[in-house]
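Enquirer: only geometry, no sequence info:
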Ligand SMILES: N[C@@H](CCC(=O)N[C@@H](CSCc1ccc([N+](=O)[O-])cc1)C(=O)NCC(=O)O)C(=O)O
C-alpha cells in the first residue's frame with residue numbers, strides 16, 4: 001500500500017534536513033519502504049484538507065491506506081513497529097528503545113528547539129542574551145548527561161534503533177552552534193549516523209526538494 005508523507009514545499013531550513021519530515025524519511029529508508037511526498041506551502045498546511053490530517057496544521061503527516069498519522073515521533077514508532085530492524089525483538093529492549101524515543105523528544109529536544117525559536121523570533125528583545133544563556137545552560141546539562149551515558153557506544157542502547165533516528169535529528173539542530181564541540185562522543189555519534197546509507201538517501205531526497213530538482 002502506498003505510503004505518503006507531507007513535507008515543506010520550501011523548507012525554511014534551506015535543505016539542512018532540520019525539518020521533522022527528515023526523521024520520517026530516514027526511518028522509511030532504514031526499513032526499505034518507498035514513499036511518496038505531498039509538498040505543502042505554509043498556507044496549504046492551514047487549509048481544512050490538511051488540518052483534517054494534522055490538527056495543528058503542520059508537517060509531517062503519514063498516510064497509508066485508511067491510516068493517517070501526525071507527530072513525527074509517533075510516525076517513526078509506527079514505521080518501526082510495522083517493519084523490522086528499528087526496535088529490538090526482546091520486550092525489555094524494545095521498551096528501553098521507546099523510552100529513549102521519548103527522552104529525545106521530551107527531554108532533549110525542547111530546549112534545543114526553543115533555542116532555535118529564540119534566535120529567530122526574539123533576537124531583538126531585551127531578554128534575548130539572558131534567555132539564550134539560560135537555554136544553553138539547560139542544553140549543556142542535558143548533553144553532559146547524554147554524553148556520559150553514551151560514552152564510547154555506537155548507539156544509545158545496543159543496536160541502532162528508532163531512538164537513534166530521533167536523538168540524532170534532535171542533536172543535529174545544534175550543529176554550528178559551537179555547543180557540540182565540547183562533546184566529541186556526541187559529535188562522533190551524529191557523524192556515525194550521517195554516514196548510514198539510509199540517512200544519506202533521506203537527506204538527499206529532502207535537499208532535492210529544496211533545490212527544486214525531482215529526487216532521482
Ligand atoms: N511535534 C510535531 C511538530 C511538527 C512541527 O514542528 N512541524 C513544523 C515543521 S518541522 C519544525 C521545523 C521548522 C523549521 C525548521 N527550520 O530549520 O527552519 C526546522 C524544523 C511545521 O509544520 N511548522 C509549520 C507550522 O507550525 O505552521 C512533530 O514532531 O511532528
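Expert: Great, that's in hand. None of the values given here were measured: they were computed from a predicted structure.
Enquirer: Tell me how far the residue lying closest to residue 175 once chain neighbours are set aside lies from residue 206.
Expert: Spatial nearest neighbour of residue 175, excluding adjacent residues (CB to CB, 6 or more residues apart in numbering): residue 190 at 7.4 Å. For glycine as for every other residue, the C-beta is placed from the backbone atoms N, C-alpha and C. From residue 190 across to residue 206, the span is 17 Å (CB to CB, to the nearest Å).
Enquirer: Over to residue 149?
Expert: 29 Å.
Enquirer: what about the two, which has more around it?
Expert: Counted by other CB atoms under 10 Å, residue 149 and residue 206 do not tie: residue 206 has more neighbours, with 24 against 12.
Enquirer: and the more buried one, which of the three is it?
Expert: Taken by DSSP: H, G, I helix; E, B strand; the rest coil, the conformation at residue 206 corresponds to helix.
Enquirer: Check what contacts the longest helix along the chain and list those residues.
Expert: For the chain, the helix with the greatest residue count under DSSP state H is helix 128-150. The contact list for helix 128-150 (CB atoms under 8 Å, 6 or more residues apart in numbering) reads 107-108, 111-112, 114-115, 118-119, 122, 125, 156, 167, 174, 179-180, 182-183, 185-186, 189.
Enquirer: Tell me how far residue 210 lies from residue 204.
Expert: 11 Å.
Enquirer: Comparing those two, which residue is more hemmed in?
Expert: Neighbours were counted for residue 210 and for residue 204 using other CB under 10 Å; residue 210 has more, 19 against 16.
Enquirer: Who are the contact partners of that one?
Expert: Counting by CB under 8 Å, 6+ apart, residue 210 touches 10-11, 14-15.
Enquirer: If we go by neighbour counts, what in the longest helix of the chain is buried?
Expert: Applying a neighbour-count criterion of 16 or more other CB atoms under 10 Å, one finds 131-132, 135, 139, 142-143, 146-147, 150 buried in helix 128-150.
Enquirer: I'm done for today, thanks for sticking with me.
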